[in-house]
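K.L.:
When you get a sec, could you give me coordinates for this:
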Amino acid sequence: MNHGFLKDWERESNEPVISRVSSKFHHKPPVKEQLSAALYRLKVQQNKLESAATRMQQHDKDIFSKCVNSQMSHDTARAAMYANECAEVRKMAKVTLQCQLALEQVSLRLETIEEFGDVARMMAPVASVVHSIKNQISGVIPEVGFELSEIGDVLNNFVMEAGEATGTSYDTETSSAEASRIMSEANAIADQHMKDRFPDLPASSPASSPQRTGETSFSH
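P.N.:
Down below sits the predicted model:
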């Protein structure tokens, strides 16, 4: 266990850092309450992504079946059309899965911060990850991207206010590196999930070059 942040959380006065940070938020709810609200909002978005990923998987299953049937009927043009659509759906599903997995990491980190209160040091990577997720998901599910943008602003404010209250600062380079690590891990797991959930397309029905993710939206 890192005793450093526990020490920061309670100084010699035994006044928790969360209380001292709260005093900086004039006419605002206590920081712990705001953290709980941010965590709840993140989990709502996480559930939306999970639901969207399930719908995409079902949509792909339907199109894949049509692709196979067209292939068996020797209708290569139609089979290619369905294969191209499957490729588009899978591209969006991959982004959605990666963002969902990264949000799970963010939620776990916020729960730790909520419990122990090392806001200044532990929040910065969380804010960076939320920003990265927002950039990726906005082209697929715009409403989730919008909500994450607002949540990211709240988390950034936590970082600044906590730094002012405690007289500490965070290492931007280290924070960015940790955020990149979280996104990379989520990407690797998403790759495996894609292999498990989506069958290979018929070899003789190659998909054309997929369009950019941002050009296609898949919202409920």
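
K.L.:
State the distance from the closest residue to Glu178 other than its chain neighbours to Met183.
P.N.:
In space, and not counting its chain neighbours, Glu178 is closest to Pro125: 4.1 Å by C-beta to C-beta, 6 or more residues apart in numbering. Just so you know, the C-beta spots here come from the backbone N, C-alpha and C atoms, and that holds for glycine as well. From Pro125 across to Met183, the span is 11 Å (C-beta to C-beta, to the nearest Å).

K.L.:
between these two, who's got more neighbours?
P.N.:
Between Pro125 and Met183, counted using other C-beta atoms under 10 Å, Pro125 has the larger neighbour count: 23 against 20.

K.L.:
follow-up on the earlier one: which is the next helix or strand following the helix or strand hosting the residue nearest to Glu178?
P.N.:
Here Pro125, judged by DSSP states H and E, is contained in helix 119-137. Downstream of helix 119-137, the first helix or strand assigned by DSSP H and E is helix 142-166.

K.L.:
so what does that following helix touch, helix or strand wise?
P.N.:
Contacting helix 142-166 under the criterion 3 or more C-beta pairs under 8 Å, 6 or more residues apart in numbering; DSSP states H and E are the following elements: helix 17-22, helix 31-72, helix 119-137.

K.L.:
what's the closest of those helices to Arg197?
P.N.:
Closest to Arg197 of those is helix 31-72 (C-beta to C-beta; 5.6 Å).

K.L.:
correct me, but the residue nearest to Glu178 touches Ile182?
P.N.:
Yes - applying C-beta atoms under 8 Å, one finds Pro125 in contact with Ile182, separated by 7.1 Å.
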